[in-house]
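Participant: I need the structure of the sequence given here:
(chains A and B)
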Number of protein chains: 2
Amino acid sequence: MEQSFVAWAKMRARRLPQEKVSIGDDAAVLAATDSDLVVTTDSQCDGVHFRLGETDPRAIGRKLVNVNLSDLAAMAADPRCVFLSMCLPNQVQTNPAMATDALASEIYEGVCEALAKFDVGLAGGDTNCWDGPLSLTLTAIGQTVDNVTWLRNNAQPDDAIVVTGPLGGSILGKHLDFTPRIDLARAIRSSIPVNAAMDISDGLSVDLLRLTDASHCGAILELDKVPISDAAVQASESSNKQPIEHALGDGEDFELLLTVPPDSVQQLQQLVGEDSAIVVGSITSRTGLWAREGGKIRQLTSSGYIHGR
Amino acid sequence: MEQSFVAWAKMRARRLPQEKVSIGDDAAVLAATDSDLVVTTDSQCDGVHFRLGETDPRAIGRKLVNVNLSDLAAMAADPRCVFLSMCLPNQVQTNPAMATDALASEIYEGVCEALAKFDVGLAGGDTNCWDGPLSLTLTAIGQTVDNVTWLRNNAQPDDAIVVTGPLGGSILGKHLDFTPRIDLARAIRSSIPVNAAMDISDGLSVDLLRLTDASHCGAILELDKVPISDAAVQASESSNKQPIEHALGDGEDFELLLTVPPDSVQQLQQLVGEDSAIVVGSITSRTGLWAREGGKIRQLTSSGYIHGR
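Facilitator: Numbers count the residues shown, from 1 in each chain, chains lettered A, B, ... in the order given. Have a look, this model is predicted:
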């Protein structure tokens, strides 16, 4: 299969921006630039990140691109090109009517669709068939703009903690159909002095704890300010959990988590709108993760559980 | 598993060259250089490229690195850093005594060993556990030196076709234990005008046909000059095939296939030695793949079968 697929894939990818040498040689050649490169890689596996029998293969391809672009956005980088590796099942167990090459083409179309939205090229990859389930790996290459890179390890005491949208319940649909915050990162990086950033992939609580650990500081969340998505409310109806617990603990929100000096908040909100820059708490010099609710401060676990609530 | 593994992996990788930001943030940051980047990606899957129950996991890790470095060598690029993605089986079926984290560590050690040989860094990756078999993907980033890049599509009529070592029978051992031709590429690129190059991963016949197709030309092989490995002879004892057929048709030799102007051959052989620059034929303006043996010219199939022999 590989040769004919590579020929088709090369033709299909021609509608995307091209590198000096792309699909078809031993490696791709990317022209030098005078900015730093930002590189991330992320895999999506059947049974872990999606269920092949229940999910449109194009949506799988789009998600694969978008989770990687979300990582680049979290570093304030502009995406440039990606490399796609597919391990395709010889037999599509959940849908025997779908041939392996049809599955490959659908995933590939989803990948190309998601790339086209941000003008990103597909510069190479590897395709294999095997007796295992579907496994996809994408490596995304971006570059810094104006020498700005957002890292996790520079949050400062008193920084405002900002998220870019409502949280929780992503599993009900958003996890397959979200927009990586590339455009927000572009708007913010040139005018706001962001001290630390990451994307929320495993849930606000656990990701904020990672950010504060890396920065050797702590955080206090104002629970009544955490934006709760409609999906979090919907999820709570059958989960025995409160909507706020979904907002704190669910994963795959793919919003940005930023810390900015308090005197930059107003400018940030004027720039991107209050709905895209929601202050949910502040960084503390005392380590640990804390939650304020109704005047009381309690410790918060990384899973979003609030002690003694 | 992932957090503790990432912490250990980060520490282990510290003995390798570091990028500006490596393992631990959303993405890695690579300082800009004024040379072009060369990027390749290659997957290795249980049951396709190795059998987990029969193969030392460290050797699997080394091979994963070396197949990618071989692609960079084939472009004349210097390797710089890699990104490792592992999909690890929740249960190691073929060896239930080996825990998933022990498997991960062994593969990782093999990866680091192979990288250390060429002073290459491990700058990031992704680790997942799933119910599928072991699947590994590596993306390798290199850079050009002195603006030299070897491509497949520039072979010229009358070029000498050169291979860098004996061919065939790799499956008997070499495929797991080979040296990517980084050092040879370094020696050759600055002094010899190589017109086209690739590495021999699927067998001399099929890879030479790819090179000539890309260059819109043909090739004639001198069968008595094709270097036959001891393993090819050994394989022929039980295969019903001649050693030359193994040399032409077996895959995973990971030698370089170069085309150079005929008047550069002597200089090339003086530079790297005759055993590392073996002339096996010449490029023709007539398309197709041909074999000369005992004064007769016959057509050669891409699988290494010689018509009418």
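
Participant: okay, CA-based contacts and neighbour counts for the rest of this
Facilitator: OK.

Participant: Look up how far residue A:196 lies from the residue nearest the centre of chain A.
Facilitator: Among the residues of chain A, the one closest to the centroid is residue A:70, at 3.4 Å (CA atoms, centre = their mean). Counting by CA to CA, to the nearest Å, the separation of residue A:70 from residue A:196 is 15 Å.

Participant: And residue A:144, by the same measure?
Facilitator: Applying CA to CA, one obtains 15 Å for the distance of residue A:144 from residue A:196.

Participant: wait, does the helix or strand bottoming out on mean pLDDT in chain A contact chain B?
Facilitator: Within chain A, no helix or strand scores below helix A:2-12, which has a mean of 78 by mean pLDDT, DSSP states H and E. No - counting by CA under 8 Å from any CA of the partner chain, chain B is not contacted by helix A:2-12; separation bottoms out at 10.4 Å.

Participant: Looks like the residue nearest to the centre of chain A contacts residue A:184 (just checking).
Facilitator: No - Residue A:70 lies out of contact with residue A:184 (CA atoms under 8 Å); the separation is 10.8 Å.

Participant: Which residues of the stretch 1-150 of chain A lie near chain B?
Facilitator: Listed as neighbours of chain B in the stretch 1-150 of chain A under the rule CA under 8 Å from any CA: A:25-43, A:45, A:47-48, A:71-72, A:74-75, A:83, A:85, A:87, A:124-126, A:128, A:130-133, A:135, A:137, A:139.

Participant: same thing but 7 Å
Facilitator: A:25-43, A:48, A:71-72, A:74-75, A:83, A:85, A:125-126, A:130, A:132-133 (CA under 7 Å from any CA of the partner chain).

Participant: Give me the subset of these lying in strands.
Facilitator: Members of the residues of the stretch 1-150 of chain A next to chain B lying in strands (criterion: DSSP state E): A:28-30, A:37-43, A:83, A:85, A:125-126, A:130.

Participant: is it fair to say residue A:183 lies in a helix?
Facilitator: Yes - assessed with DSSP: H, G, I helix; E, B strand; the rest coil, residue A:183 lies in a helix.

Participant: re earlier: now for the least confident helix or strand of chain A, which elements pack on it?
Facilitator: On a contact count with 3 or more CA pairs under 7 Å, 6 or more residues apart in numbering or on different chains; DSSP states H and E, helix A:2-12 meets no helix or strand.

Participant: Quick check: buried residues in it?
Facilitator: For helix A:2-12, the neighbour count (16 or more other CA atoms under 10 Å in any protein chain shown) marks A:6, A:9, A:10 as buried.

Participant: quick one: contacts for the second one?
Facilitator: Residue A:9 makes no contacts at all, as judged by CA atoms under 7 Å, 6 or more residues apart in numbering or on different chains.

Participant: do you know how far it is from residue B:141?
Facilitator: Counting by CA to CA, the gap from residue A:9 to residue B:141 is 22 Å.

Participant: try the last one
Facilitator: In this structure, residue A:10 and residue B:141 are separated by 21 Å, where distance is defined by CA to CA.

Participant: before we move on, the earlier item: which one of the ones in strands among the residues of the stretch 1-150 of chain A next to chain B is nearest to residue A:200?
Facilitator: residue A:42 (14.6 Å; CA to CA).

Participant: which residues does the closest one bridge with?
Facilitator: residue A:138 (DSSP bridges).

Participant: Quickly check: stretch A:206-219 near chain B or not.
Facilitator: No - counting by CA under 7 Å from any CA, chain B is not contacted by stretch A:206-219; separation bottoms out at 9.1 Å.

Participant: which other residues reach that stretch?
Facilitator: Residues from elsewhere that reach stretch A:206-219, judged by CA under 7 Å, 6+ apart: A:152-155, A:200, A:282-290, A:302-303.

Participant: Could you pull up the mean pLDDT of it?
Facilitator: The pLDDT scores in stretch A:206-219 average 96.

Participant: Outline the domain layout of chain A.
Facilitator: According to automatic domain parsing, chain A comprises the domains A:2-143, A:160-299.

Participant: Cool, thanks, signing off.
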